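Chemist: dropping the sequence and predicted coords here.
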Amino acid sequence: MKLHERLFLVGSGSLGFGLTDPFDCHVYALRMPTSVILIDSGSGRDPNRIIDEMTADGLRPDAVSHVLLTHGHADHAGGAAYWRDAVGATVVASEEISSALTSGDESAISLDRARNCGMYPGDYKFQPCVVDEYAESFSSFQFGEELIECIPTPGHSLGCVSYLWVTDERRHLFTGDSLFWGGRLALQSIYDCDLQQSLDSVRSLAQLEFDALLPGHLGIDLSSGKSHATAAMSVVDRMGVPANIQG
Ligand SMILES: [Zn+2]
C-alpha cells in the first residue's frame, strides 16, 4: 500500500489493515536511491504475502538491503531471518536484544507467555536471526545522502528503539510499539515492560520534530504525527498514564 512516493506499508495484520498475515505488525518499506529498507519484518509466518505487496507496489524484494527492527517481539522481528537468508539483508536491532534474537530465546521476548495466552497460534515458532548491526544510542545509518537516526525509546520491552527518517518532504518517525495513534501506549504485564521508562520515552518523542507518525500497529498519521506525542505528553504532565492499546 503506497503511503507516498517513497514510503509503502507492505505488511499489516489484524491489529492494523489486514494486508498480510494476521500476526504481522505494520511493516514499512522505504524506497531509497539504490535499495529498499524495511522497518520491522512481521511475524515471519507468511513472508510471501509481504513480497506480494511489495511487488504490487513496484518494489523489488531482492533489493531489500536492511531490516531495521524496533524491538524483539515476534510480530515485529519474527520475519527478519527470512530477509537475511533470502536476500542477504543486514539486520539491525538493539544490542540489548541481539542475543535473544540470535539464539531464538522465546522467553526473553515473552513469546512463551504470549503463545500460552493465545496471542499466537500454538504451532508458531520464532525463527532465530543473527543481528548484524546494533541500533546503538543515537547512532545514524547512512543511506546514500540520507540518514536514518535511531532513537532509544525503552519501556514497552527491552531494547525498544524508534527510527527517524528525514526526507525533503517530511520527517517520518517509526515508533514500533512505543507510541500509537491518539497518544496511546502498549503496556503489558511482561518482565521487561517498564512504565517509568515508557513515560520517559514519551517525553523524548514529544521533544522531537516530526510530521508522520508510523507506529507498529493501528492508525498512521502522515502529516500531524506530532499531535499524538503531544497528546500523550499532556497526560504525562498531569501525572497520568496514557491509555493502553490493550484493554
Ligand atoms: Zn511489542
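Modeler: Right, received. Where do you want to start? Numbering: from 1, shown residues only.
Chemist: can you map out the helices along this protein?
Modeler: 47-56, 74-77, 80-87, 95-103, 111-116, 195-206, 226-237 (DSSP state H).
Chemist: residues contacting residue 198?
Modeler: By CB atoms under 8 Å, 6 or more residues apart in numbering, the contact list for residue 198 reads 154, 155, 156, 178, 185, 187. (C-beta placed from N, C-alpha, C; glycine too.)
Chemist: what sits against residue 130?
Modeler: Residue 130 neighbours (CB under 8 Å, 6+ apart): 84, 91, 101, 102.
Chemist: report the separation between it and the ion.
Modeler: Going from residue 130 to the ion by CB to the ion, to the nearest Å gives 21 Å.
Chemist: so which helix or strand of this structure has the lowest pLDDT on average?
Modeler: strand 140-143 (a mean of 86; mean pLDDT, DSSP states H and E).
Chemist: contacts for it?
Modeler: Applying CB under 8 Å, 6+ apart, the external contacts of strand 140-143 come out as 32, 33, 35, 37, 66, 68, 92, 133, 147, 148, 149, 150.
Chemist: gap between the closest residue to residue 205 other than its chain neighbours and residue 210?
Modeler: Using CB to CB, 6 or more residues apart in numbering and skipping residues adjacent in sequence, the residue nearest residue 205 is residue 229, 4.7 Å away. The gap separating residue 229 from residue 210 is 8 Å, by CB to CB, to the nearest Å.
Chemist: now do the contacts for residue 231.
Modeler: Contacts of residue 231 (CB under 8 Å, 6+ apart): 182, 183, 242.
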